[in-house]
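# Based on what follows, work out the 3D shape:
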Amino acid sequence: MTSAAHAAPTRPLRDDAGVIGLVGLAHLISHFSQLLLAPLFPWLKDAFHASYTELGFLMTIFFVTSCCVQAASGFLVDRHGPRPVLFAGLALVGLAAFGFSASTSYWMMMGCALVAGLGNGVFHPVDYTLLNRKVSAPRLGHAYSVHGITGSLGWALAPAFMVPIAMASGWRVALACAGALVWLVLLVLWLNRATLGLPRASQASAAAHAGADQTFEFLRIPAVWMCFGFFFIYAVVLSVVQAFAPEAARRLHDVPVGLVAVCLTIYMVCSAGGMLLGGFLAADPSRCERIVAIGFGLAALVALAIGLAPLPALAIPALFGVMGFASGIAGPSRDLLVKRSTPDNASGRVYGIVYSGLDIGQAVAPLVFGSLMDQGQYTGVWVGLVMAQLLLITSAFNVRRARRTRLAPA
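Residues are numbered from 1 along each chain as shown. Now for the predicted structure:
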């Protein structure tokens, strides 16, 4: 039986909004922590006499660690509840930021990257366990929408927060301020800890199941692994858009350098707008696969046009916006795919395994598409992006097929 069958009863709007807001704030910090170092690479390169490959390896350490922790932390969430795991994760992220600011060698930066990955790995199992168990079923689509938007805002906040401080006072001060921001959010969540707590009966039941023989039973559910594959491919799409697509578009269409930087910002802002609409569309969970297909299908058409059609340079940022909006529409329905495949007593574990696919995809994609960029295969980058987006559509319907096959005997 999936968690959809035991969705939270309708609660007062104020209670749901409190949970959604606090979880969204935590998710913002998760995405903020993923970009702690990247905006500061020009400063770090000089400070540690490091190559960009060495600085990029710090991000590899972060995401590989986060992947491992994400898969494991779901078990802790199911056994001990999401709240203490969330507080521990935030504390580690803040500690890592302070550690970065005090580092005197590249090796110290590597150690802090590992600590940051440990902290970042807890957020998805915690967030979705809280949303699924504490938010009323009719508002879950909006909850997932807000969750996605706050993540995008976290990505946008990191460079906007870090770079001006680094320019004015140095990179060490910027990272120390980032640590202070993370711990300030931790304080806010701790002061509102009652909102983030699960009912004792619910937590006791989850802990009992987590300690029973069925602890790993969820791994036998095909839909779980289909969801893992879906999020792996989704991470590939996201990684390409964030790291390579703007530069590949510049090479293909002679886009001015100033506009290249704007492309990703426009994509993220429009994606957030698409998530708002997607939250309303996801009110009916039965159509989530179709919404994913429509959203990523439109995004694939735009990507195909950018990769193959002769377009004016000024049109490229606008097309990035269309692609971001279409992808954003699919966001809340994407999260419902997992919820509808999740057993009631394994929420943390399932989300931990499934969302570890994001970290793996973000670690693998740069190797493949970076090679295409080095070879000057800029059209190949966009064609590869289109293929990944189409694979997302196929994966979404495979999840539904696997879920229905499992439920058929019932």
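
# show me the contacts for residue 35.
Contacts here follow C-beta atoms under 8 Å, 6 or more residues apart in numbering; on that basis residue 35 touches 154, 155, 158, 159, 162. Any C-beta I mention is one placed from the backbone N, CA and C, and that applies to glycine too.

# swap the cut-off to 10 Å and go again
59, 154, 155, 156, 157, 158, 159, 161, 162, 178, 242 (C-beta atoms under 10 Å, 6 or more residues apart in numbering).

# how far is the host helix or strand of residue 373 from where the chain is centred?
In this structure, residue 373 sits in helix 347-374 according to DSSP states H and E. In terms of C-alpha atoms, centre = their mean, to the nearest Å, the centre of helix 347-374 is found 10 Å from the chain centre.

# now swap in stretch 267-277 and tell me
With C-alpha atoms, centre = their mean, you get 14 Å for stretch 267-277.

# thinking residue 91 is in contact with residue 116, fair?
No - judged on C-beta atoms under 10 Å, residue 91 makes no contact with residue 116 at a distance of 11.7 Å.

# which residues are common contacts for the two?
What both residue 91 and residue 116 touch, as defined by C-beta under 10 Å, 6+ apart, is the set residue 182.

# Mind putting the contacts of residue 35 into a markdown table with secondary structure?
Converted to a markdown table, those look like this (DSSP: H, G, I helix; E, B strand; the rest coil):
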| residue | secondary structure |
| --- | --- |
| 59 | helix |
| 154 | helix |
| 155 | helix |
| 156 | helix |
| 157 | helix |
| 158 | helix |
| 159 | helix |
| 161 | helix |
| 162 | helix |
| 178 | helix |
| 242 | helix |
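
# Drop anything exposed from those.
59, 154, 155, 156, 157, 158, 161, 162, 178, 242 (16 or more other C-beta atoms under 10 Å).

# For residue 171, state which of the contacts of residue 35 is nearest.
Checking those against residue 171 by C-beta to C-beta gives residue 162 as the nearest, at 8.2 Å.

# Please look at the closest one and residue 33 and confirm they touch.
No - under the criterion of C-beta under 10 Å, residue 162 makes no contact with residue 33, lying 11.5 Å away.

# what sits in contact with each of the two?
residue 178.

# one step back: distance to residue 288 and pLDDT added to the buried ones among the contacts of residue 35, as TSV?
Output for those, formatted as TSV (distance: C-beta to C-beta, whole Å; pLDDT from 0 to 100):
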residue	distance to residue 288	pLDDT
59	31	81
154	24	87
155	24	80
156	26	76
157	29	83
158	30	83
161	34	88
162	36	87
178	35	97
242	25	77
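
# State the pair within those residues that is farthest apart.
178 and 242 (19.5 Å).

# and residue 268, that's in a strand?
No - secondary structure assignment places residue 268 outside any strand; it is helix (three-state DSSP).

# list the contacts for residue 254?
Contacts of residue 254 (C-beta under 10 Å, 6+ apart): 312, 313, 316.

# of those residues, buried ones?
For the contacts of residue 254, buried by 16+ other C-beta under 10 Å: residue 316.

# sorry, back to before: identify, from the buried ones among the contacts of residue 35, the entry nearest to residue 279.
Nearest to residue 279 out of those is residue 154 (C-beta to C-beta; 18.0 Å).

# Correct me if wrong: that closest one contacts residue 272.
No - applying C-beta under 10 Å as the test, residue 154 and residue 272 come out as separate, 11.2 Å apart.

# Show me the protein divided up by domain.
Following automatic domain parsing, the chain resolves into domains at 11-211, 217-410.

# looking at those domains, which has the lowest confidence?
Least confidently modelled of these is domain 217-410, at a mean of 83 by mean pLDDT.

# In the stretch 151-300 of the chain, what residue spans correspond to strands?
With DSSP state E, counting those that start in this stretch, there are no strands along the stretch 151-300 of the chain.

# And the helices in it?
Secondary structure of the stretch 151-300 of the chain (DSSP state H, counting those that start in this stretch): helices located at 171-191, 200-210, 222-243, 245-253, 257-281, 288-308.

# and residue 339, how many neighbours does it have?
By other C-beta atoms under 10 Å, 23 other residues sit near residue 339.

# Report the separation between it and residue 97.
Distance, residue 339 to residue 97, by C-beta to C-beta, to the nearest Å: 32 Å.

# Also residue 85?
19 Å.

# ok, those two, which is more surrounded?
Neighbours were counted for residue 85 and for residue 97 using other C-beta under 10 Å; residue 97 has more, 28 against 24.

# these two touch, right, that one and residue 186?
No - with contact defined as C-beta under 10 Å, residue 97 does not count as touching residue 186 (11.8 Å).

# show me what contacts the residue lying closest to residue 64 once chain neighbours are set aside?
Leaving aside its chain neighbours, residue 64 sits nearest to residue 363 (6.1 Å; criterion: C-beta to C-beta, 6 or more residues apart in numbering). Applying C-beta under 10 Å, 6+ apart to residue 363 gives the contacts 59, 60, 62, 63, 64, 66, 67, 235, 239.

# what about the residue nearest to the last one when sequence neighbours are not counted, how many neighbours?
Spelled out, that is residue 239. Of all residues not flanking residue 239 in the chain, residue 365 sits nearest, at 3.8 Å (C-beta to C-beta, 6+ apart). Taking other C-beta under 10 Å as the criterion, the count of residues near residue 365 is 24.

# measure residue 365 to residue 273 for me?
Going from residue 365 to residue 273 by C-beta to C-beta gives 25 Å.

# just residue 72 next, same as before
35 Å.

# now swap in residue 135 and tell me
For residue 135, the distance to residue 273 - C-beta to C-beta - is 22 Å.

# Repeat that for residue 15.
For residue 15, the distance to residue 273 - C-beta to C-beta - is 27 Å.

# now do residue 324
8 Å.

# more neighbours, these two?
residue 324 (27 against 16).

# The more buried one reaches residue 268, doesn't it?
Yes - applying C-beta under 10 Å, one finds residue 324 in contact with residue 268, separated by 6.5 Å.

# which neighbours do these two share?
Common neighbours of residue 324 and residue 268, counting by C-beta under 10 Å, 6+ apart, are 152, 241.

# what's the nearest residue to residue 115 if we skip its chain neighbours?
Using C-beta to C-beta, 6+ apart, the nearest residue to residue 115 is residue 96, at 4.2 Å.

# List the contacts of the one you found.
Residue 96 neighbours (C-beta under 10 Å, 6+ apart): 33, 36, 62, 111-120, 175, 178-179, 182.
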